[in-house]
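Asker: pasting the sequence and the predicted model now:
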Amino acid sequence: MCGCRTSVPSGKQNSVSQPAPASTKKGTPAAAGMPKGVPVAKQLASIKALRKGSDLEKAFATAALVYNSYADPESKLSKSETKSLLQSQFWHFIQGQENKPKYQEIISSLDEESENKINFEDFMIMLVSLTLMSDLLQ
């Protein structure tokens, strides 16, 4: 999607088509027992494994829960839903990026008329790319 490539050490890999770990997907009280309208903070609080989790673990769990709250039943986002999610949930990171070629490339790919949907892996790569471009980390 954004031209980024990830490398995963050989061995155990989680494919996007496989079920996500129990802490972020069905099977947890947060995902299974709560409707999509339940606030992410409440869902996070209900995940027992995160009670003693690090800030980084909580951040990734939050990203997964936010993604899942926008995703369709197949756990994918349309390009327009992805753009909406970025504009509503990630706007501090994308603010001021409008003139950067890489940002324009990412956003224009979301404006394309295509049946392709965004999976969680592509979504996370996009978040990392936008974060790296962000002036907030400078």
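Answerer: Now that the structure is in, tell me what you want to look at. Numbers count the residues shown, from 1 in each chain.

Asker: my guess is Y67 contacts L77, does it?
Answerer: Yes - in this structure, Y67 is within contact of L77 by CB atoms under 8 Å, at 7.3 Å. From N, CA and C alone the C-beta is placed, and that goes for glycine too.

Asker: which residues do the two both contact?
Answerer: L85, F123 (CB atoms under 8 Å, 6 or more residues apart in numbering).

Asker: distance check, E121 against D135.
Answerer: Using CB to CB, to the nearest Å, E121 is found at 26 Å from D135.

Asker: ranges for the helices of the chain?
Answerer: Along the chain, counting by DSSP state H, helices occupy 29-32, 40-45, 55-70, 79-89, 91-94, 101-111, 120-133.

Asker: redo those as CSV? Include mean pLDDT and mean neighbour count.
Answerer: Shown next, in CSV, are those (pLDDT from 0 to 100; neighbours: other CB atoms under 10 Å):
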stretch, mean pLDDT, mean neighbour count
helix 29-32, 41, 17
helix 40-45, 76, 15
helix 55-70, 90, 17
helix 79-89, 90, 16
helix 91-94, 87, 14
helix 101-111, 86, 15
helix 120-133, 90, 17
